[in-house]
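Undergrad: Below are the sequence and a predicted model; questions follow.
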Amino acid sequence: MTLTHHIASCNYYYDETYNIRAQAATQVEGDYATGLLAYYEFDETPVCNYLNAEDRAMLARQSSGVSPVLNKDIARFGQVLKVTGGTEAAKSGGLARMNNPLYGLTDLEGMSISFWVKRNDADRWGTIFSFVNSNPAYTTTQNNLSFTGNTYLGFTNGVDTFAINYPTTERNTLEVGEWKFVTITIDKAEGVKIYINKTKRVVSFASTEGTRAANFDYQKVLDFLTASQYLSIGKGNGYGTADMSVDELFVHQRALTAEDVEALYAAETRVTDIKGAIDVTGIEDIAVDAVNPKTDDAWYTLQGLKLADKPTGKGVYIWRGKKYSVK
């Protein structure tokens, strides 16, 4: 491929030619649209859930803190949420509080939360996000599911607790000053998985049921989440707020598979129309006679792979120029 750069001003001009080689992107299977309840872009105020504009994030602060703001970040191609860190003792943290999209759901068997984050300091304890079941008081005794910059995920419902990657040991997986894409999944049968840039990380585990992750009843976590009203960026675990920037937050009402996580990461690291992928028509079946017979009758994945026949597996597909969710 040849690109030509031309700059002209009055009687002067400058031309330069670049020869580049473009390679086809690897096709990634996976579905990141099904089960998506919330998508926050952090590109404009008010900060709204793209899937429900009535859900708006409240940008707040503690008494000595600074409220989060939207700042332009070249590495993220637009605005991001800048959260100023602080400690609980000094009441100096900021936070973005939003309605928990999982609140009130019944028979929840899995969930996922995904987001970009860049740590601005080496604090291992400051909260990146927290699910809480009341207007946040931010004490160490408040029931919560929270995540910190040390990839520590802690849970308590007042009776049952677990601690994954406790902050006394440095993990070095979310390096200071670097953007990383984090996905955390919780499944009632498979437990907790933490992915950094699509790669599943090894975790340490301790709980009221011992150090074997398989012994814990994760339905208790899912039941807690459906009873928790708020999702907070910053604050919530009683230690303080991480100094950080956050972008592109997703919450699903199912545990994404490894293939789904890879597909979402691929979409987030390419020039991809995320909104186009999640704007789908949810139907159980499709009447062939109801569409234009002049268009291509083949089915395709979101990555453009042509299928041999109408898909039977759950997922989002393209047929005759439109996206469909097969349930």
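TA: Thanks, I have it.
Undergrad: Quick one: residues in contact with the helix or strand harbouring Ile128.
TA: Using DSSP states H and E, Ile128 sits within strand 127-132. Contacts with strand 127-132, where a contact means Cβ atoms under 8 Å, 6 or more residues apart in numbering, come from 100, 102, 113, 115, 117, 136, 142-149, 224-225, 228-237, 239-242, 244, 246. (Glycine included, C-beta is placed from N, CA and C.)
Undergrad: can you check stretch 62-80 too?
TA: 41-45, 47, 59-61, 81-84, 86, 90-96, 116, 118, 138, 179, 233-235, 241, 245-248.
Undergrad: Buried subset of these, written for ChimeraX?
TA: In ChimeraX, selecting the buried portion of the contacts of stretch 62-80, with burial taken from 16 or more other Cβ atoms under 10 Å, looks like this:
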select :41,42,43,47,59,60,61,81,82,83,84,86,92,93,94,95,96,116,118,138,179,233,234,235,241,245,246,247,248
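Undergrad: Inside helices: which ones of the contacts of stretch 62-80?
TA: In this view, the contacts of stretch 62-80 have no member that belongs to helices under DSSP state H.
Undergrad: what residues go with each domain of the chain?
TA: Here the chain is described, according to automatic domain parsing, as comprising the domains 36-268, 280-326.
Undergrad: what about the first one, how long is it end to end?
TA: Here the two ends of domain 36-268 are set 15 Å apart, with distance taken as Cα to Cα, to the nearest Å.
Undergrad: The nearest residue to Ser92 once chain neighbours are set aside bridge partners, please.
TA: Nearest-residue entry for Ser92: Gly86, 3.0 Å, with adjacent residues in sequence omitted and distances by Cβ to Cβ, 6 or more residues apart in numbering. Beta bridges link Gly86 to Thr241 when assigned by DSSP bridges.
Undergrad: Distance check, Asp55 against Ser112.
TA: To Ser112, Asp55 is 18 Å away according to Cβ to Cβ, to the nearest Å.
Undergrad: next one: the strand holding Ile128 to chain centre, how far?
TA: Between the mean C-alpha location of strand 127-132 and the chain-wide mean there is a distance of 13 Å, by Cα atoms, centre = their mean, to the nearest Å.
Undergrad: before we move on, what about stretch 146-160?
TA: Relative to the centre of its chain, stretch 146-160 is centred 17 Å away, using Cα atoms, centre = their mean.
Undergrad: Please state the mean pLDDT value computed over it.
TA: The average pLDDT within stretch 146-160 is 92.
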